[in-house]
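>>> Give me a 3D structure for the following:
(one chain, ligands or ions: 1)
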Amino acid sequence: MASRGSTYGIIGAVRPARPVDELAAELGPGAVLRADRDDTTGYVTPARGPTGGPVDVVRPATTEEVRTVVRWAREHGTRVLAQGANSGLVGASTPPRHPGDLVVLSTERLRRGAVVDPVDRTAVVPAGLRRSELDELAAPHGLWFPIDLGADPSLGGMVATNTGGARMLRHGDVRRRTLGVEVVLADEAVSVLDTLRTFRKDNRGIDLTDVVVGSSGALGVVTRVAVDLAVRPDETACAWVPLRRAEDALVLLGHLERRLDPLLAAFEVVSAAALDAAATAGHPLDVGGAPWAALVEVAGPVGSGDALVAAAGSAPVDTSAALLLPPARAWAPRHSISEGLARAGTVVGHDVAVPRAALPALVSDTAAVVAAGWPEATFADFGHWGDGGVHLNVVFPHGHPVGDDVVDAVHDAVFAVAVEQHGGTFSAEHGIGPANAAWWRRTTPPVAVALRTSLRTACDPLGILGHPGLP
Ligand SMILES: Cc1cc2nc3c(=O)[nH]c(=O)nc-3n(C[C@H](O)[C@H](O)[C@H](O)COP(=O)(O)OP(=O)(O)OC[C@H]3O[C@@H](n4cnc5c(N)ncnc54)[C@H](O)[C@@H]3O)c2cc1C
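Coordinates of the predicted model:
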């Protein structure tokens, strides 16, 4: 990602006063970055998709300061777009090209007061803390936050998008591991909804924590999060298994689940095109020309690696060419696919999920649709087959014009295969944003749209929260 801004101004330059200067005066030095003075590139440059137009950035450091920002925004009719690590992939964390009256509220200074409770195996953390930083705090207690992915998002962003990640098969998604939240609403009182709790059982009716998880910043600004940590495994072992047919992946998965449960932590399937991308990003993996390969991880007590070897040895598919690798070495190709694809050209990405049995047909049907419609593009699929999720990427070579009309047409074609042909979802784990909002509108029943609108109106009657492209 691009570098973050500095707070230094040009000495002697005269800048007209703007409403955001009121906030700068109230919140103190470093809290406001002005688009006309500071480098705000990193806040308008997404991990994927078009760069946003210039906006001011506000960086509150406490929940009370977040309330100050929201109160100010209500007074001025300014939209507030919450942003964590800006690693989201559906365009929801950066402003549109023409942002209008909008500020980015970065949570990067919401970092104080993280508490890990080793007896409870829980943590309460500020929204701006990164996933890796929570792990550092949990590690001395033999614990970790097991939602693991190729980026290092903020905890607030993870709650807002309900991150899945590579180990969802074993540890669930963020919804499953979130015990409570603290959220600043944009209602008249600028209320703080506080469901922070660290016990795991709470049956007092509608679970508002669950409602906030996955809401993409549309209901409020998440300021603190209570999470369920997991015990660090004593032993982790990984193997790449080359596969001759996509169907073999499901046979292997079923076998490993029966033989290894509960040790099986991840089951990823990667196409040859995706492995080629990993190689260009510096992490080649030789799978002997196989069209797909599965990355299998087991984690648990000492001996888990032996259990993997035994289970692979008795698999009903050919595993003789399997590569046992140390975990860091095994995951490096998987985690560098996105970087490799971005180097290859313009990526039009899709994050879909279907019932697991439909995965092989989904992949081949999508490849056929892409080849027929956009023969100049490369199709690369990879993802979390263990939980039915797969990333379907259409990569146009550098220099090939990819306008909004092309992007929309590719999205429509690929989502139609996943949703209409195979009964799946157009957003498996990346949440909702401008990149897939049209499909939310197209596929969400009127009663669900009405309920969501009522919720948004209750939390934010002026409609100032979230990306303007959210449904
Ligand atoms: C290389 C790479 C690999 C990835 N792999 C995965 C993966 O395996 N699984 C997966 O699920 N995702 C994956 N992602 C996507 C991304 O990392 C997740 O969506 C992540 O949870 C976003 O967190 P963030 O802090 O970066 O949020 P941002 O990108 O800053 O924001 C995302 C959304 O959350 C909202 N938001 C952020 N913070 C707050 C807050 N405090 N309160 C309210 N709303 C807020 C934003 O407005 C926006 O709508 C990957 C991304 C990259 C670049």
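>>> near the ligand, which residues of the stretch 351-471 of the chain?
Proximity of the stretch 351-471 of the chain to the ligand is confined to 429, 430, 431, 467 under the rule C-beta under 6 Å from any ligand atom. In this view, the C-beta of every residue, glycine as well, is placed from N, C-alpha and C.
>>> ditto for the stretch 151-300 of the chain
Of all the residues in the stretch 151-300 of the chain, those lying near the ligand are 151, 153-154, 156-158, 160-161, 163-166, 216-217, 221-222, going by C-beta under 6 Å from any ligand atom.
>>> Now stretch 241-258: buried residues?
Neighbour-count burial for stretch 241-258 flags 241, 242, 243, 246, 248, 249, 250, 252, 253, 255, 256 (criterion: 16 or more other C-beta atoms under 10 Å).
>>> Other residues contacting it?
264, 267, 269, 287-288, 290-294, 296, 311-312, 314-319, 321-322, 356-357, 359-360, 363-364, 385-386 (C-beta atoms under 8 Å, 6 or more residues apart in numbering).
>>> Pick the one among the buried residues of stretch 241-258 closest to residue 231.
residue 256 (21.4 Å; C-beta to C-beta).
>>> Tell me who's in contact with residue 392.
349, 350, 352, 362, 363, 366, 379, 381, 414, 418.
>>> In terms of distance to residue 76, which of these ranks first?
Closest to residue 76 out of the contacts of residue 392 is residue 349 (35.3 Å), distances taken as C-beta to C-beta.
>>> ok so the closest one is a helix residue?
No - assignment of residue 349 by DSSP: H, G, I helix; E, B strand; the rest coil gives strand, placing it outside any helix.
>>> For the nearest residue to it once chain neighbours are set aside, pull up the helix or strand it's in.
Spatial nearest neighbour of residue 349, chain neighbours left out: residue 393 (5.1 Å); criterion: C-beta to C-beta, 6 or more residues apart in numbering. Counting by DSSP states H and E, the element that carries residue 393 is strand 389-397.
>>> Show me which positions of that strand end up buried.
Here strand 389-397 shows 389, 390, 391, 392, 393, 394, 395, 396 as buried, counting by 16+ other C-beta under 10 Å.
>>> With pLDDT added, can I get these in a markdown table?
Output for the buried residues of strand 389-397, formatted as a markdown table (pLDDT from 0 to 100):
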| residue | pLDDT |
| --- | --- |
| 389 | 97 |
| 390 | 98 |
| 391 | 97 |
| 392 | 98 |
| 393 | 98 |
| 394 | 98 |
| 395 | 98 |
| 396 | 97 |
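>>> okay, those residues in TSV with distance to residue 454 next?
As requested, the buried residues of strand 389-397 are exported to TSV (distance: C-beta to C-beta, whole Å):
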residue	distance to residue 454
389	30
390	34
391	33
392	34
393	36
394	37
395	41
396	41
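>>> How about stretch 412-427, which residues are buried there?
413, 414, 415, 416, 417, 418, 419, 422, 424, 425, 426, 427.
>>> Where do the domain boundaries of the chain fall?
19-106, 115-231, 235-335, 338-438 (automatic domain parsing).
>>> Just the terminal-to-terminal distance for the longest one.
Looking back up the chat, that one is domain 115-231. 17 Å (C-alpha to C-alpha, to the nearest Å).
>>> so where do the helices sit in the stretch 51-200 of the chain?
Counting by DSSP state H, counting those that start in this stretch, one finds helices in the stretch 51-200 of the chain at the ranges 63-76, 131-138, 155-161, 168-171, 174-177.
>>> Could you identify which of the ones you listed is most buried?
helix 155-161 (a mean of 30; mean count of other C-beta atoms under 10 Å).
>>> who touches it?
82-85, 87-88, 92-93, 107, 110, 125-131, 134, 147, 153, 163, 174, 178, 181, 212-217, 221-223, 225, 227, 429-431.
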